[in-house]
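Participant: Got a predicted structure here, sequence first:
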Amino acid sequence: MNNILYCSTGTMVGRDNGWNYRLFTERGGEIEADGFELMMVKPYYERLRELVSAIEKCGLYFGSIHAEKDIGIYLAGQNPGDTEEGFRLFALNCNVGSAIGASKLVLHLWSGRVSDTRLSSNISCLDRLFEIAGENSLELLIENVPSVESDAFSNLCRVSASRPDAGFVYDVRFGAFHAQNEEIVSSGWLENGRIRHLHISDYTGPSGDFSSLRPILHPGQGIAGLEKLLPEIFSVYHSTVTLESPDIHPEGFDASVINRDMDFIRKYSASR
């Protein structure tokens, strides 16, 4: 069974080219992918109707949506009204995901400077988050986000204990950040369906260094050891995979670089 390979819009659009979503709606056909993952960012909130309309008209398939990353900060509930704002923004993201035909939604349950320091508060939001996602026919998946108080995989285990039905996203760059790739692969979560989506990019290192999370490297350029790791993953995992390594320039993006990265993943993800 072959894996389904998506390309994140974050590989094509970012701060350097003004978050111009028309770059991927008009040029996305240059990317050799089975579909795309919409990376939601704050600038899109002011033009959601335009964004959805452009995606609907472009003819590209968007199988997943990555919720805007600051939602987890609000869900931590540091200030009065934060949690409700987090729910409001999450619902907006789910509405967009539903409108563009996505089936999976990626969430950073904890995020930013607050990270996992208030994880109990974030976890207390799960039932409502799953309810909102379900209302929009989206499968909510929690990602192994870098953590400051504990570690990402331990936090996913806490989520799992609270919501045994929860599914997860495994980001190999974040796995390398916590030096947890071997632990996650050996956990059985890839085989038993707990991990239902993958994010692929590379990491500069060293482990635990937040300043090394940027720049995001192309597959094979960092310390994640993807040439060894990906065959191990794809020997047991058969589902959706998203490339997240960007090639963003003020004038747009280089499709040949992104396609080279897609080929890197495809080399290891073919039926096994």
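Facilitator: Everything's here; your move.
Participant: how close does residue 99 sit to residue 34?
Facilitator: Counting by CB to CB, to the nearest Å, the gap from residue 99 to residue 34 is 20 Å. C-beta here means a position set from N, CA and C on the backbone, and glycine is covered the same way.
Participant: low-confidence ranges in the chain?
Facilitator: For the chain, the stretches flagged by pLDDT under 70 are 1, 271-272.
Participant: Check which residues of the longest helix anywhere in it are buried.
Facilitator: Using DSSP state H to assign secondary structure, the helix with the most residues in the chain is helix 82-99. Residues of helix 82-99 classed as buried under the neighbour-count rule (16 or more other CB atoms under 10 Å) are 82-83, 85-87, 89-99.
Participant: what's the answer for stretch 119-135, then?
Facilitator: 119, 121, 122, 123, 125, 126, 129, 130, 132, 133.
Participant: chain center to the longest helix of the chain: distance?
Facilitator: When distances are taken as CA atoms, centre = their mean, to the nearest Å, helix 82-99 is centred 16 Å away from the chain's centroid.
Participant: quick one: residue 69 is in a helix?
Facilitator: No. According to DSSP: H, G, I helix; E, B strand; the rest coil, residue 69 belongs to no helix; its state is coil.
Participant: Can you name the two of the buried residues of helix 82-99 that sit furthest apart?
Facilitator: Using CB to CB, these span at most 26.1 Å, a distance reached by 82 and 99.
Participant: Return the distance of residue 258 relative to residue 36.
Facilitator: Here the criterion is CB to CB. By it, residue 258 lies 11 Å from residue 36.
Participant: Looking at these two, which is more packed in?
Facilitator: The residue with the greater number of neighbours, taking residue 258 and residue 36 and applying other CB atoms under 10 Å, is residue 36; the counts read 28 against 23.
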